[in-house]
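>>> Mind folding the following:
(one chain, ligands or ions: 2)
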Amino acid sequence: MPCREVRQLNLQQIAKHIHFHQQNGTEMDKITIEYPALHVNEAYEIQRLAIEEAIACGDELIGMKMGLTSVAKQKSVGVEEAIYGRLTRSMELLNPTLSMKGLIHPRVEPEIAFVLNKDIEGEHVTSRDVWAATECILPALEVIDSRYKNFSFTLEDVVSDNASSTKFILGNQAFSPYHTQWDQVKVEMYRNGELVQTGFGAAVLEHPVRSVVELVKMLNRTNEGLKAGMVILTGGITEAINVYEGDFIEVKYDQLGQLNLRVEE
Ligand code: OOG
Ligand code: MG
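Ligands and ions are numbered 1, 2, ... in the order given. Okay, the predicted model is just below:
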């Protein structure tokens, strides 16, 4: 067993390696090939350190995301628990156009995003605490792009790679948390006019608010929490779909409008 200092140093080195691939959009081998004993807690530390690298390069932490929040999603990637990742300013698309430059094998998924107006932390958090700290809710699309070859990974790999986070876009229209039953929102995703995925908000841990509760509990393990102003992506409502140059993606949120994404060179 190597001494603590050596392990620490390795986490930093792995984080720098992952940050390099995240910045350049280049694929890499699974971290667990070289470090088969990597623990999930160490993977979260690698994730945090890699984002610190990005922040040191001028990026900014603006939110958090949950992933693998449905059993169907967990099955499709072979990982059996929900995970979280960190969102930075450079990931937010301000126009509905996705450039394939710097991407490897992107996938798009519809999500529901919470925007907070108060800090939330602690292991005893409830959905009431989340509602009391929610400024508004927006329909969102997430673009995930695992840096691992063939989009194939273990729990520890995907956590280290910031839960595949790459880009996201939020709808223009913000909604009050209170007048919509978020678990009953129906979502339809079309690729080039063809319906390819359908789902309901309930796919996300029965209700997207539960995803924020889970996130706060998971962050509490490392004495972290959510901050006022953060954007929280609660997790894919449907399976993610592969997208290619020239694709036009439309996602219709029943009663809540539509989000589009044009995929370009
Ligand atoms: C992990 C990220 C999954 C979600 O919403 O479920 C995710 C992956 O599938 O690469 O963002
Ligand atoms: Mg997602």
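>>> got the contact list for Ala203?
The neighbours of Ala203, taking Cβ atoms under 8 Å, 6 or more residues apart in numbering as the test, are Thr69, Ser70, Ala72, Gly236, Ile237, Thr238. (C-beta placed from N, C-alpha, C; glycine too.)
>>> nope, Gly102 is what I meant
Shown in contact with Gly102 (Cβ under 8 Å, 6+ apart): Asn24, Gly25.
>>> So it, which state does it fall into?
Following DSSP: H, G, I helix; E, B strand; the rest coil, Gly102 is assigned to coil.
>>> any idea how far it lies from Thr26?
Distance of Gly102 to Thr26, given as Cβ to Cβ, to the nearest Å: 9 Å.
>>> in the stretch 51-200 of the chain, what residue is nearest ligand 2?
The stretch 51-200 of the chain approaches ligand 2 most closely through Glu142 (4.0 Å), counting by Cβ to the ion.
>>> ok, for that residue, nearest residue in space, not its chain neighbours?
Nearest non-adjacent residue to Glu142, counting by Cβ to Cβ, 6 or more residues apart in numbering: Phe168, 4.7 Å away.
>>> who touches that neighbour in this structure?
Contacts of Phe168 by Cβ under 8 Å, 6+ apart are 65, 87, 91-93, 111, 113, 140-143, 231, 233.
>>> What residues sit buried inside the worst-scoring helix or strand of the chain on mean pLDDT?
Least confident helix or strand, the chain: helix 4-24 with a mean of 86, by mean pLDDT, DSSP states H and E. Using 16 or more other Cβ atoms under 10 Å as the test for burial, helix 4-24 gives Asn10, Leu11, Ile14, Ala15, His17, Ile18, His19, His21, Gln22.
>>> Return the distance of the next helix-or-strand element following it from the chain's centre.
Note on helix 4-24: by DSSP states H and E, the next helix or strand toward the C-terminus is helix 31-34. Its chain's average C-alpha position is 22 Å from that of helix 31-34, according to Cα atoms, centre = their mean, to the nearest Å.
>>> now this protein, which segments are flagged as low pLDDT?
In the predicted model of the chain, residues 1-9 satisfy pLDDT under 70.
>>> For it, what lies in contact range of ligand 1?
Where the chain comes near ligand 1, counting by Cβ under 6 Å from any ligand atom, the residues are 67-69, 73, 77, 109, 142, 144, 146, 158, 163-164, 235-236.
>>> that older thread, please name every helix or strand in contact with the least confident helix or strand of the chain.
helix 40-56, helix 155-160 (3 or more Cβ pairs under 8 Å, 6 or more residues apart in numbering; DSSP states H and E).
>>> most neighbours per residue, which of the ones you listed?
helix 155-160 (a mean of 26; mean count of other Cβ atoms under 10 Å).
>>> starting at the chain centroid, how far to that one?
Distance of helix 155-160 from its chain centroid, counting by Cα atoms, centre = their mean, is 13 Å.
>>> any idea of the angle the helix or strand that that helix is followed by forms with helix 40-56?
Remark: after helix 155-160, the chain's next helix or strand is strand 165-170, criterion DSSP H and E. Per axes from the mean of the first three to the mean of the last three Cα atoms, to 10 degrees, the angle that strand 165-170 makes with helix 40-56 is 70 degrees.
>>> near ligand 2, anything from strand 165-170?
No: interface with ligand 2: strand 165-170 contributes nothing (Cβ under 5 Å from the ion), its closest point being 7.8 Å away.
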